[in-house]
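Trainee: Need a 3D model of the following:
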Amino acid sequence: MGINQVLTVKEVAALLKTTRQQIRKMIQSGELPAKKVGREWRILEEDVLDYSKATIMKTRNVLSSMLRTAAEWEIIDKNPCEKIRLHAEDAPDKIKFFTPEQAMTFLDYIEKPYQVQIGGHKRTDDTGIPYTVGDYTITKSIPEQIRILFILAIYTGLRKGELLALQWDDIDFTSNIIHVSKSITIIAGRAVCKAPKTKTSNRTVSIPRFLSERLNALRLSQLKFQSQVGDYWQGNNWVFTQDNGKMMNYSTPYQALQDAISRFNKDKPLEQQLPHIPFHGLRHTSATLLIASKQDVKTVSRRLGHAQTSTTMNIYAHALQESDRNAADALTTMLKQN
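Mentor: Okay, the predicted model is just below:
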C-alpha cells in the first residue's frame, strides 16, 4: 500500500467484527483494495453530516484505532486519520447548498437531454470482420427516477437514507403525503433498513401535486417493466431501484448528483457554474429555500425531522439571519411609505 492510501470506509467498518488474524490475512493478500483517504473521508463526512458531533467523533476514533493498529503491524505506512480535523458541529459556513437561483437552474437543467461525445473505436461485424467507427455524438437524458430523486430531495428535505428507504406504500397519492418511517444506513459494509434515528424523524411530509403525479407515473412504469422481466425483478416495492428491482445502491445518489453538476459546468465560465455540493446539500437547499420563503422555524424543523427547533436554528443560522435582514428592510420600507 502507498503512503497516502487506506482501506475504504465500508471495508474498515466490516472489519470491526473480524479477528485480528483475519484482518492481517485479508490486507496482506490484497483482498481488500485500497483507496485514497481524501475521497473516502469525504464520503464518510457526507454520510454522517446529519449526525451529532459525538457520533461523528466516535466513528472517526474507531477508524483511527483500526488504522493505527495496521500501522503498528507495518501493514500500512501511517495512520491517515491522525491528520483528520473534524468540522465544528453543523458550522453554518461549512454547509453546502444551492442558492434559490442555483436550485432553479439545476432543476431546469436535469429535465433537458444532453449530448455525449464518443471517440472513434474499432468494432467487429457479425461475420467477424473488424471495422473502425469514427467520432460521433449521442443524446441522453437523466433517468426519470434520478430526476425525481433530486426533485424530491429539494422539495422535502429528506435525508438520503430516508429517500432510499421509501417504498410505494409510503406514498399517499390522494393526499400527496409521504410517510417517513425508516431509513437506510450502512452497517458493516451493508445497507440496512431501520427505524429513523429519532422519534421526530418518523413523520409525514407533504409534496406538491405535480411531484405526486410524477411519482405515480414512475410507479406504473416500474410495474410495467417488472411484468416484462419476470423473475429478473428482485425488488421489495422500493421507489428507487437498481435495474433488477433491488434498492438503489447507497452511493448512486451522490455520484449521480456529481455527474449532473459536472456536465452542467463543462465549458462554462466559473461564475456560471454550479457548486459541487454533496447529496446532503439538497436537504440543506430545501431548508434554506423554506426559510427564504418566510416559513416559520417550527415548520421547517418538523419537515426536516429535527428533534428540536434549536437544531434547525443552529444549522441554518445563515439563512435565518438573511431572513431577519429582509424583515427589517421590509419594515423600514413600510414605515417610510407611511
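Trainee: Surely Cys76 touches Met66?
Mentor: Just so we're on the same page, residue 76 is Ile rather than Cys. No - using CB atoms under 8 Å, Ile76 makes no contact with Met66, being 10.4 Å away. No exception for glycine: its C-beta is placed from N, CA and C like everyone else's.
Trainee: Quick one: end-to-end distance for stretch 120-135.
Mentor: 4 Å (CA to CA, to the nearest Å).
Trainee: what comes into contact with it?
Mentor: By CB atoms under 8 Å, 6 or more residues apart in numbering, the residues outside stretch 120-135 that reach it are 117-119.
Trainee: so which of these would you say is closest to Leu211?
Mentor: Taking CB to CB as the measure, Leu211 sits nearest to Gln117 out of the contacts of stretch 120-135, at 33.1 Å.
Trainee: looking at this, that closest one is in a helix?
Mentor: No - residue state for Gln117 (DSSP: H, G, I helix; E, B strand; the rest coil) corresponds to strand; a helix is not indicated.
Trainee: Tell me which residues touch the residue lying closest to it once chain neighbours are set aside, please.
Mentor: When the adjacent residues along the chain are set aside, Gln117 lies closest to Thr137, with 5.7 Å between them (CB to CB, 6 or more residues apart in numbering). Under the criterion of CB under 8 Å, 6+ apart, the neighbours of Thr137 are 115-118.
Trainee: looking at the residues you listed, which has the most residues close by?
Mentor: Ile118 (12 neighbours; other CB atoms under 10 Å).
Trainee: Would you mind listing the residues in contact with that residue?
Mentor: Neighbours of Ile118 in contact, by CB under 8 Å, 6+ apart: 135-138.
Trainee: Check the residues you listed for burial and list the buried ones.
Mentor: When those are checked for burial by 16 or more other CB atoms under 10 Å, the buried set is empty.
Trainee: Go through the residues you listed and flag which are in strands.
Mentor: Among the contacts of Ile118, the ones falling in strands (DSSP state E) are 136-138.
Trainee: Tell me how far Thr312 lies from Gln226.
Mentor: Distance from Thr312 to Gln226, counting by CB to CB, to the nearest Å: 39 Å.
Trainee: How about Asp77?
Mentor: Asp77 is 50 Å from Gln226, by CB to CB.
Trainee: Strands of the stretch 51-200 of the chain, start to end?
Mentor: Assigned by DSSP state E, counting those that start in this stretch, the strands in the stretch 51-200 of the chain fall at 114-118, 121-124, 130-133, 136-140, 171-172, 177-180, 183-187, 190-194.
Trainee: Please convert these to a markdown table, extending it with distance to Ser206 and mean pLDDT.
Mentor: Output for the strands of the stretch 51-200 of the chain, formatted as a markdown table (distance: least, CB to CB, whole Å; pLDDT from 0 to 100):
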| stretch | distance to Ser206 | mean pLDDT |
| --- | --- | --- |
| strand 114-118 | 32 | 90 |
| strand 121-124 | 50 | 90 |
| strand 130-133 | 50 | 92 |
| strand 136-140 | 33 | 92 |
| strand 171-172 | 10 | 98 |
| strand 177-180 | 6 | 97 |
| strand 183-187 | 19 | 88 |
| strand 190-194 | 23 | 89 |
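Trainee: Out of those, which is closest to Asn244?
Mentor: With CB to CB as the criterion, Asn244 lies closest to strand 190-194 of the strands of the stretch 51-200 of the chain, at 14.8 Å.
Trainee: tell me the angle of the closest one relative to strand 183-187?
Mentor: For strand 190-194 against strand 183-187, the angle by axes from the mean of the first three to the mean of the last three CA atoms, to 10 degrees is 140 degrees.
Trainee: Quick check: buried residues in strand 190-194?
Mentor: So for strand 190-194, counting by 16+ other CB under 10 Å, buried means Ala191.
Trainee: Given it, what are its sheet partners and their directions?
Mentor: strand 183-187 (antiparallel) (DSSP bridges).
Trainee: mind listing what's buried in the partner strand?
Mentor: For strand 183-187, burial by neighbour count (16+ other CB under 10 Å) applies to 183-186.
Trainee: now do stretch 254-269
Mentor: Residues of stretch 254-269 classed as buried by neighbour count (16+ other CB under 10 Å): 254, 256-257, 260-261, 264.
Trainee: and of those residues, the nearest to Lys246?
Mentor: Closest approach between those and Lys246, by CB to CB: Ala256, at 16.6 Å.
Trainee: That closest one belongs to a strand?
Mentor: No - counting by three-state DSSP, Ala256 is not part of a strand but helix.
Trainee: OK, contacts around it?
Mentor: Ala256 sits next to 142, 146, 149-150 when contact means CB under 8 Å, 6+ apart.
Trainee: most neighbours, which of the residues you listed?
Mentor: The residue in the contacts of Ala256 with the most neighbours, by other CB under 10 Å, is Leu149 (26 neighbours).
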